[in-house]
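Novice: My questions concern the predicted model and sequence given below.
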Amino acid sequence: MEDERKELLGQAAGLLKKYFGYDTFRKGQEELILAILSGQDALGIMPTGSGKSLCYQIPALMMPGITLVVSPLISLMKDQVTALNQAGVHAAWLNSSLTPNQYAKALFYAEQGRYKIIYVAPERLLTDSFLRFASCADISMVAVDESHCASQWGQDFRPSYLKIPEFIRLLPRRPVVSAFTATAARKVQEDIRVILRLNRPRVVLTGFDRENLYFEVRQPKKKKVDLLGIVERHKGESGIIYCSTRKAVEEIHQFLFVNGYPVTRYHAGLSDAERAGNQEDFVYDRLPVMVATNAFGMGIDKSNVRYVIHYNMPKDLESYYQEAGRAGRDGEPAECILLYGKKDVATAQMFIESSPREDLDDAQRLLILERERERLKKMQYYCLTKNCLRAYILDYFGDQASHYCGNCSGCLNVYEEIDVTELCRTVLNCVWESRQRYGAGVILDTLRGSRTAKTLQYRLDRLPQFGALEGTGMDLLEQTVHFLAVEGYLDITTDRYPVLRISRKGREFMEEPHALTMKKQIVKQQAEKTAAGGRSGGFRAGANAGAVLSDDLAGEQNALFLRLKELRIRIAKEEQVPAYIVFNDKTLVQMAIRQPSTKAQLLEIQGIGTRKLEKYGDRFLEVLNG
C-alpha cells in the first residue's frame, strides 16, 4: 500500500513539473490527489491562490477517462482552459459563449476523446445534447468548482448547482466526485457534502489564511482622496477597485482617467463585447487598473494583482474575502483596503431586499433573506472592529487565529485604551428606556440632548438619559456604539431601518456591570506607514512601475528582470494570451536572481515545466546570456 502510494505521488509530481513547472506540492494537494486517485470522493476547502485546480487537474491526467469540471462562470472556464492548453494539456469548455456550431464541434471532438478535461456550465448538464454525450463517454471524475454555490447558506447560491446530483445519477457509471471552494463557513461545508451527495469524502481544510495579504479598513471623510493616494502609491502596478453600483464604477473610472491613470471598467450595463475587451485589456496589462462591480473577477487567475480596493463595503465577508483574495495570487505581498462609509450599509441592504429569487418558494426566499441580513451584519462589524482584521475573518470561517497578525490595520494602528464603562451603561440604558425602537442616530441625539424633530416627536426628551452625555463628542459616542455592537452587547438590526437592540450579553452587563475598555485610535492610517513590519515581510507601500516582487533584487538584477518582462510581453502578444500565462512575475524574479545559463538550469526555476521549456527556453536564455 505504501509503495503504491509513493508510486502514485511520484507520477503526480512528475506531471506537476512537466505541465505546471512546480517541484513540490502545496499544503493539502497531495492528500486530495491521492484520495481522488484511490477512487474516493473529495472536498477541498482552500484559500484563493492555494492551487485548488491542480487537485483535480493532475488526477484528470492520470485517470483513464475524461474529467468534467462544473464551473459557474465563462471567464473562469476560459482562463483555466487557456492556461491548460498553453501547458500542453488538451482541454475545452462548453457554455453559452459558444455558437451552436462551435458547441456541436466541441462535443464532437469530446466524443472523439480529444480532451482530457472539459469545463461545463451547470446549466448545460441536463440538456439533451450533453446528456447524449455523457451517457456514452468514459467519465472518470466530476469536479465541482466554486462548490459553495450549491448551498443556500452560501453567498453565491445558484439553483443550477442543485442539478449536479441528478446529472451524476443519470450517468451509466458513477464517477469520482470532487468539490472545491475557497470560502465556506461550517454550515456551507456540510451543505456541500449533503447536496452534492459526496460519498464518504476525504475532506481537506488547509486553513483560510492568506499571510501575504495586508488588510486595512478606513473610514475616510473623502473617499476619492484616499483612493487617489493608494493608486498613486501603486502606480504602474495591477489593481482592482470594487464599487457596489454601476454608477459608482462609471464615476470612479472617469475620476481616475481624468487624473491620468491607465484604467478600464466592468459592469453588467456594458455590452458583452465591451466587457470582454475591457477584461482583456486588464488581464493583458494594457490597462492595469480595473474599476468594477462584483460581476468581475471570479475565475480571473491574474497572478500579479498587487492591490484590491473596495470603494464600498460588500454585502458579506464571503464576497469580500473572495474579491480581496484576487490580490497576491503569486504569494507575494499585496494590499487589501476597504473604504467604509455609513451609506454602504444601506446600499447593501437595498441589494439584499431587491435581489431576484424567482427559482425559490416563499419559505426559501425568507430563509435566504434572513441569512443574507445576518451576513451583512457580520460584514459591518468587520468594518467597525479595532481588533485584528485577519483574526476576525478567520474566526468567521471557523479557522483558528492569533489575535495579533502584525499585518493589518487593526494590529498596526496606534491606539490608546480608555475606560468606557459608564459611557456604555448610559448608552444601553438609553436604548432600553426608549424600548429598543430606534437607530443609532436617534439614540445619540437623545444622549446629547439634541431637540431634533425625531427626539421631540417620539418624546425622547422626557427620558432620564436625555442630555446625559451632552458634553461628549459625537465621534467618541459613535465609536462606543460600534464597540458595543462588535463586542456583542448591542445588536444592530439589518432591516430597512436599522434599530439598536440589547443582546443577552448586554442585559447581563446592565444587571452586573464590569469594567469595559475600548481602543481609541490616536494616529490616523498609521498602518500605511508601518506595514513594512508585517509578519510576512510586510506590504511594501510605494511600489512603482519598475518595482519587483523581491527586495533581494539588486540594480543589475532589476534591469534583467525588466528585460525578461519585455520578452514575456512580446511572446504574449504573439500567442494572444495574458503575460502571466507565459510565466508569472515570481518566475521572472527567480530567473533574474539565479541567472540560469542552460536549459537544465532553467528547468530548476519554479514555474518552468518541460512543455514551456521547449516553447520558450531558447528565447529566455538568449536574454539571460546576453
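Specialist: Alright, I've got the coordinates. Residues are numbered from 1 along each chain as shown.
Novice: my guess is Lys565 meets Val589, correct?
Specialist: No: between Lys565 and Val589 there is no contact, the gap being 10.2 Å when judged by C-beta atoms under 8 Å. Every residue, glycine included, has its C-beta placed from N, CA and C.
Novice: Which one's more surrounded, the two?
Specialist: The residue with more neighbours, out of Lys565 and Val589, is Val589; 23 against 18, by other C-beta atoms under 10 Å.
Novice: Could you verify my assumption that that one touches Asn558?
Specialist: No: counting by C-beta under 8 Å, Val589 does not reach Asn558; the two are 9.7 Å apart.
Novice: helices or strands up against the helix or strand harbouring Thr67?
Specialist: Secondary-structure assignment from DSSP states H and E places Thr67 in strand 66-70. In terms of contacts (3 or more C-beta pairs under 8 Å, 6 or more residues apart in numbering; DSSP states H and E), strand 66-70 is packed against helix 52-62, strand 117-120, strand 139-144.
Novice: Looking at these, which is nearest to Glu323?
Specialist: Among these, the nearest to Glu323 by C-beta to C-beta is helix 52-62 (16.9 Å).
Novice: I'd like the distance from that closest one to the chain centre, please.
Specialist: Counting by C-alpha atoms, centre = their mean, to the nearest Å, helix 52-62 is centred 22 Å from the centre of its parent chain.
Novice: can you list the weak-confidence ranges in the protein?
Specialist: Counting by pLDDT under 70, the low-confidence segments of the chain come to 1, 154-155, 297-300, 356-360, 523-552.
Novice: Can you spell out the domain ranges of it, please?
Specialist: 2-205, 213-407, 414-523, 555-624 (automatic domain parsing).
Novice: would you list every one of the helices in the stretch 451-600 of the chain?
Specialist: For the stretch 451-600 of the chain, the helices defined by DSSP state H, counting those that start in this stretch occupy 453-457, 474-486, 504-511, 526-530, 555-575, 579-582, 585-594, 599-602.
Novice: try the stretch 51-200 of the chain
Specialist: Counting by DSSP H, counting those that start in this stretch, the helices of the stretch 51-200 of the chain are 52-62, 74-87, 100-111, 128-136, 164-170, 186-195.
Novice: same question, the stretch 201-350 of the chain
Specialist: Ranges of helices within the stretch 201-350 of the chain are 223-233, 246-258, 272-283, 317-324, 342-354, based on DSSP H, counting those that start in this stretch.
Novice: got JSON lines for those, with mean neighbour count and distance to Ala391 too?
Specialist: Shown next, in JSON lines, are the helices of the stretch 201-350 of the chain (neighbours: other C-beta atoms under 10 Å; distance: least, C-beta to C-beta, whole Å):
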{"stretch": "helix 223-233", "mean neighbour count": "16", "distance to Ala391": "24"}
{"stretch": "helix 246-258", "mean neighbour count": "17", "distance to Ala391": "30"}
{"stretch": "helix 272-283", "mean neighbour count": "17", "distance to Ala391": "32"}
{"stretch": "helix 317-324", "mean neighbour count": "23", "distance to Ala391": "13"}
{"stretch": "helix 342-354", "mean neighbour count": "16", "distance to Ala391": "22"}
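Novice: Mind putting these into CSV with distance to Met518?
Specialist: Below are these laid out as CSV (distance: least, C-beta to C-beta, whole Å):
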stretch, distance to Met518
helix 223-233, 24
helix 246-258, 32
helix 272-283, 42
helix 317-324, 23
helix 342-354, 20
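Novice: mind checking which of those is nearest Tyr119?
Specialist: helix 272-283 (17.5 Å).
Novice: counting contacts, what elements does that closest one pack onto?
Specialist: strand 263-266, strand 289-292.
Novice: so what does the last one touch, helix or strand wise?
Specialist: Translated: strand 289-292. strand 238-242, helix 246-258, strand 263-266, helix 272-283.
Novice: who's in contact with that strand?
Specialist: 231, 238-243, 249, 252-253, 256, 261-267, 278-279, 282, 296 (C-beta atoms under 8 Å, 6 or more residues apart in numbering).
Novice: Burial-wise, tell me which of the helices and strands packed on helix 272-283 comes out on top.
Specialist: Most buried of the helices and strands packed on helix 272-283 by mean neighbour count (mean count of other C-beta atoms under 10 Å) is strand 289-292; its value is a mean of 27.
Novice: So what's the gap between that one and the chain middle?
Specialist: For strand 289-292, the separation from the chain centroid amounts to 15 Å (computed by C-alpha atoms, centre = their mean).
Novice: Which one of the helices of the stretch 201-350 of the chain lies nearest to Leu107?
Specialist: Shortest distance between Leu107 and those, using C-beta to C-beta, is found for helix 272-283: 23.0 Å.
Novice: And the contacts of that closest one?
Specialist: Residues outside helix 272-283 that contact it (C-beta under 8 Å, 6+ apart): 75, 79, 238, 264-267, 270, 286-290, 296, 300, 302, 578.
Novice: Is there a quick ChimeraX command that grabs whichever of those are buried?
Specialist: Only the buried entries of the contacts of helix 272-283 go into this ChimeraX selection, using 16 or more other C-beta atoms under 10 Å:
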select :75,79,238,264,265,266,267,270,287,288,289,290,296,300,302,578
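Novice: count of residues packed around Tyr438?
Specialist: Around Tyr438 there are 22 residues (other C-beta under 10 Å).
Novice: Nearest residue to it in space, ignoring adjacent ones along the chain?
Specialist: Excluding the flanking residues, the one nearest Tyr438 by C-beta to C-beta, 6 or more residues apart in numbering is Val499, at 5.8 Å.
Novice: Val431 versus that neighbour, what's the distance?
Specialist: 9 Å (C-beta to C-beta, to the nearest Å).
Novice: Which residues are in contact with each of the two?
Specialist: Any residue near both Val499 and Val431 by C-beta under 8 Å, 6+ apart counts here, and that gives Tyr438.
Novice: who's more crowded, the two?
Specialist: Val431 (27 against 17).
Novice: check contacts around the more buried one.
Specialist: By C-beta under 8 Å, 6+ apart, Val431 lies in contact with 438, 443, 490, 500-502.
Novice: Filter those residues down to the buried ones, ChimeraX style.
Specialist: Only the buried entries of these go into this ChimeraX selection, using 16+ other C-beta under 10 Å:
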select :438,443,490,500,502
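Novice: I'd like to know which of the contacts of Val431 are part of strands.
Specialist: Taking DSSP state E, the ones among the contacts of Val431 that sit in strands are 490, 500-502.
Novice: for the helices of the stretch 451-600 of the chain, which one sits closest to Ile58?
Specialist: helix 579-582 (18.3 Å).
Novice: ok so, going back, minimum distance to Thr598: which of the helices of the stretch 201-350 of the chain has it?
Specialist: Judging the helices of the stretch 201-350 of the chain by C-beta to C-beta, what sits closest to Thr598 is helix 272-283, at 32.2 Å.
Novice: Restrict the closest one to CA atoms and write it as PDB.
Specialist: Taking Å, rounded to 0.1, in the frame of the first residue of the first chain, the C-alpha atoms of helix 272-283 are listed here in PDB:
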ATOM      1  CA  ASP A 272     -20.800  41.800 -23.900                       C
ATOM      2  CA  ALA A 273     -18.100  43.000 -26.400                       C
ATOM      3  CA  GLU A 274     -17.100  46.000 -24.300                       C
ATOM      4  CA  ARG A 275     -16.900  43.900 -21.100                       C
ATOM      5  CA  ALA A 276     -14.800  41.300 -22.900                       C
ATOM      6  CA  GLY A 277     -12.500  43.900 -24.400                       C
ATOM      7  CA  ASN A 278     -12.000  45.700 -21.100                       C
ATOM      8  CA  GLN A 279     -11.300  42.500 -19.200                       C
ATOM      9  CA  GLU A 280      -8.700  41.600 -21.800                       C
ATOM     10  CA  ASP A 281      -7.100  45.000 -21.500                       C
ATOM     11  CA  PHE A 282      -6.700  44.400 -17.800                       C
ATOM     12  CA  VAL A 283      -5.600  40.800 -18.000                       C
END
